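**Student:** sequence? don't have it. structure:
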Ligand code: AMP
Ligand code: ZN
């Protein structure tokens, strides 16, 4: 086959499978097969730059840097939407429409109001040519390269589309993905992101499109904008757009009366918590395009649409005090202690304040009456202060200057919002925090010791570092209050078992700032042992994929510190793994096979099994789909997982069989 044809075929194939996977949610090939196709295309395109195509699927991986985003004027202004909050508001809207349209077949198309960032995308001859943010509505930023990395947005259309048109949609991050991102950040010692919406908006404005490609951005499209609109209704427009390959939400309703609309609103007001993304209301649009044209726009809004905003859950209460938590990295987080109040069915006693800037922005005084709100986050936040209710002699909240535990002066980098206590070796919550991290499930997974036990041991001077755990003696543990013989045995057993934990997790457990699970895995794979890693310079570290300046500096600093080196020596002495285990690791043995683990196992913890799968070239999945190869089932395997596995005809194996697989 000639090369050009082969490239074109590969592109079409990959576009098709991307759509099947991300938009239709019904993949036809495995991730592995997909990667093979993509790699083939990358190689061919590199060899033949003459066939460059800005909309090739290879462009999705990003890599282009935008120093400044070019400001582009919108061909059609991006209006905002008028808001409504009640049945009366809806009736008023309907009467305004009826003044201009006195036709019986008027209907309304109701959609979810996605809470993300709006985007305007232009397609020409079926190719994505430009994507621009809303900006001030008149002009916005050209973020084409970044938008191209979003898999739910087609780069090339299918079917019978107009030559040129624009389409609008909302870019967002799903709640589950958001949780995962924050989890990963916390385990890297980073501040969690505030909310999905700001994170989506920040991601879209990153300069490096490769970074954007790694953010779990998604997009729903909801409006075609074009002069020669062939389709007569909003409903048809969206139907056709779906056929061209756009991701269109399936939650909508065509309504003939205000009663119908109210029903849809009530339904989603109750159901919105079950969605994996945030919505802040419902958008009601006149369905017939010709009526939309008659109604036109005010200076700010279309007259043919209105948003119905859900009430956010808010409550008023008193700010009693502020406490400052110190994390294991020394990061200081202020927390507001509130007079308990009922909000959305739960009693709220605390609200997060994030950092000093947040406190200043709110202009908080002690004992203020504050308004708290619950959004997508679990901990509510303070959104406003009732200044009128403020007592005249109350005092402004001053951010602390010294660590509340060790009294050392706090530091703050200009580029960060967070304050830090840098006295890491003798600040109590940092010491216990590091040990607690060390024993946690994803690190050394030491059964038998809990967070409180660590605090108890520390207060009684039994430990001042994680390496001390392995030098505890039975007598002193038994002397601690509440400690029974059996509990002490469990502790020693847990410690003994932890000596089997693989190097990459030991590395993660050390608690090097910015070295989360993934980074630890990469470092272990690349450098094989701690001794080798200790010898590496900053320059050698940043050569490694995914290791940037910040991580490299942090690793060099950590491994150059004599206290840390002493601890590592002690841990080596007791037999923790400080190099990768070459006997069981045969990278390709599982050959990209996918596994789901469920139940309780006799000889290994689930984390251990996961590492084994990973180290031997398999992949861990969290839920069963047609793409799963094996269900690794232990005792008390989840019945729904078992049923799903049977439905998909997936091979079910036990622990013994799995270990045999590795040994053969
Ligand atoms: P607002 O920002 O509150 O004035 O609301 C207008 C914004 O709602 C638009 O700019 C869109 O970004 C957003 N939006 C979310 N979902 C939809 C939808 N289904 N139809 C129209 N606009 C929507
Ligand atoms: Zn301190």
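**Tutor:** Received the coordinates, thanks. For clarity, every value in this text was computed on a predicted model and none was experimentally measured. Ligands and ions are numbered 1, 2, ... in the order given.

**Student:** Without its sequence neighbours, what residue ends up closest to residue 242?
**Tutor:** residue 248 (4.5 Å; CB to CB, 6 or more residues apart in numbering). (Glycine included, C-beta is placed from N, CA and C.)

**Student:** neighbours around that neighbour, how many?
**Tutor:** Counted with other CB atoms under 10 Å, residues neighbouring residue 248 total 20.

**Student:** Hmm, it is touching residue 222, no?
**Tutor:** Yes: look at residue 248 against residue 222 with CB atoms under 8 Å: they come within range, at 7.5 Å.

**Student:** hey, what's in contact with both of those two?
**Tutor:** Residues touching both residue 248 and residue 222 (CB atoms under 8 Å, 6 or more residues apart in numbering): residue 238.

**Student:** avg pLDDT for the one helix or strand residue 285 maps to?
**Tutor:** Using DSSP states H and E, residue 285 sits in strand 279-286. In this model, strand 279-286 has a mean pLDDT of 95.

**Student:** What of stretch 620-637?
**Tutor:** 87.

**Student:** Name the residues of that stretch that are buried.
**Tutor:** 621, 624, 627, 628, 629, 630, 631, 632, 633, 634, 637 (16 or more other CB atoms under 10 Å).

**Student:** Closest residue of the stretch 551-664 of the chain to ligand 1?
**Tutor:** Closest to ligand 1 within the stretch 551-664 of the chain is residue 623: 28.4 Å, counting by CB to the nearest ligand atom.

**Student:** Show the contacting residues for that residue.
**Tutor:** Contacts of residue 623 by CB under 8 Å, 6+ apart are 596, 641.

**Student:** re the thing from before, on contacts alone, who are the packing partners of the strand holding residue 285?
**Tutor:** Where contact means 3 or more CB pairs under 8 Å, 6 or more residues apart in numbering; DSSP states H and E, strand 279-286 is packed against helix 87-100, strand 108-114, helix 258-271, helix 289-295, strand 305-309.

**Student:** mind checking the longest helix of the chain?
**Tutor:** When the chain is parsed with DSSP state H, its longest helix is helix 3-22.

**Student:** and stretch 403-422, which residues are buried?
**Tutor:** 403, 405, 406, 410, 418, 419, 420, 421.

**Student:** what do you get for stretch 48-55?
**Tutor:** Buried-residue list, stretch 48-55, by 16+ other CB under 10 Å: residue 55.

**Student:** what about that stretch, average pLDDT?
**Tutor:** 90.

**Student:** same check, this time on stretch 85-101
**Tutor:** Mean pLDDT, stretch 85-101: 93.

**Student:** Can it be said to contact ligand 1?
**Tutor:** No: judged by CB under 6 Å from any ligand atom, stretch 85-101 stays clear of ligand 1, getting no closer than 12.2 Å.

**Student:** Give me the contacts around that stretch.
**Tutor:** 82-84, 106, 258, 261-262, 284, 286, 291, 294-295, 303-304, 306, 308-309, 311.

**Student:** contacting residues for the closest residue to residue 132 other than its chain neighbours?
**Tutor:** Nearest residue to residue 132, sequence neighbours excluded (CB to CB, 6+ apart): residue 140, at 4.5 Å. Residue 140 makes contacts with 71, 72, 74, 78, 120, 132, 133, 134, as judged by CB under 8 Å, 6+ apart.

**Student:** Wasn't residue 224 part of a helix?
**Tutor:** No: counting by DSSP: H, G, I helix; E, B strand; the rest coil, residue 224 falls outside a helix, being strand.

**Student:** Quick check: the gap between it and residue 338.
**Tutor:** According to CB to CB, to the nearest Å, residue 224 and residue 338 sit 47 Å apart.

**Student:** And the residue of the stretch 201-350 of the chain at minimum distance from ligand 2, how far from residue 409?
**Tutor:** The stretch 201-350 of the chain approaches ligand 2 most closely through residue 326 (5.6 Å), counting by CB to the ion. Between residue 326 and residue 409 the computed distance is 14 Å (CB to CB).

**Student:** Next: residue 80.
**Tutor:** For residue 80, the distance to residue 409 equals 47 Å [CB to CB].
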